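Visitor: build me a model:
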Amino acid sequence: MFHLSIVTPEKIFYEAEIKSLVVPGSEGYLGVLSDHAPLITALKPGKIEFKDTDDKQYTLAVSSGFLEVSRNKATLLVEAAEFADDIDLERAEAARKRAREALKTAGPEESDAEMKAVHAAMERAENRIKVYRDTH
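Guide: Numbers count the residues shown, from 1 in each chain. Predicted coordinates:
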């Protein structure tokens, strides 16, 4: 077993001892077990899965961030995290629709930063929808 902390800018989202962890690394999904070698990697939006000490499986949708593994402790620093069972599918679909409309109506006056924000919103919404549908 090892310790998992999932931290967002607002709070410690989850903290407990777990048996296994699978995260969306920047180069693909990777697994973490007890006594994993030290590691720091970027995370991309995707699905996180882990098992607690009672073998209960948890699934979350997460945004981009970072994972650090060291001395039987895994720390996820992410912009946002949401348990699959807490995802509001209608809200996620509405966010995706808003992002699509923003992309369709974007003109040359839109800055690169504004366009990156819209693309990021689209990616977050699509990830939440995918994680919800994968688990329901």
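Visitor: in the sheet, which residues pair with His3? Tell me.
Guide: Taking DSSP bridges, one obtains Glu17, Lys73 as the residues bridged to His3.
Visitor: quick check: it vs Ala37, distance?
Guide: Noted for His3: a distance of 16 Å to Ala37, by C-beta to C-beta, to the nearest Å. All C-beta spots, glycine's among them, are computed from the backbone N, C-alpha and C.
Visitor: okay, those two: which has more neighbours?
Guide: Taking neighbours as other C-beta atoms under 10 Å, His3 and Ala37 compare with His3 leading, 13 against 7.
Visitor: that one contacts Val69, correct?
Guide: No - if you go by C-beta atoms under 8 Å, His3 and Val69 don't touch, sitting 10.4 Å apart.
Visitor: mean confidence for stretch 125-136?
Guide: Mean per-residue pLDDT for stretch 125-136: 93.
Visitor: in it, what's buried?
Guide: 125-132, 135 (16 or more other C-beta atoms under 10 Å).
Visitor: so what touches that stretch?
Guide: 45-47, 59-63, 82, 84-85, 87, 89, 92-93, 95-96, 99 (C-beta atoms under 8 Å, 6 or more residues apart in numbering).
Visitor: from these, which land in strands?
Guide: In strands, defined here by DSSP state E, the members of the contacts of stretch 125-136 are 46-47, 59-62, 82.
Visitor: can I get those residues in CSV including neighbour count?
Guide: Output for the ones in strands among the contacts of stretch 125-136, formatted as CSV (neighbours: other C-beta atoms under 10 Å):
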residue, neighbour count
Gly46, 20
Lys47, 18
Thr59, 17
Leu60, 25
Ala61, 26
Val62, 26
Glu82, 20
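Visitor: bridging residues for Gly28?
Guide: Judged by DSSP bridges, the bridge partners of Gly28 are Gly25.
Visitor: right, I mislabeled it, should have said Thr41
Guide: With DSSP bridges as the criterion, Thr41 is bridged to Leu67.
Visitor: and the strand or helix carrying Ser5, what does it pack onto?
Guide: Assigned by DSSP states H and E, Ser5 falls within strand 2-7. Judged by 3 or more C-beta pairs under 8 Å, 6 or more residues apart in numbering; DSSP states H and E, strand 2-7 is in contact with strand 12-25, strand 73-78.
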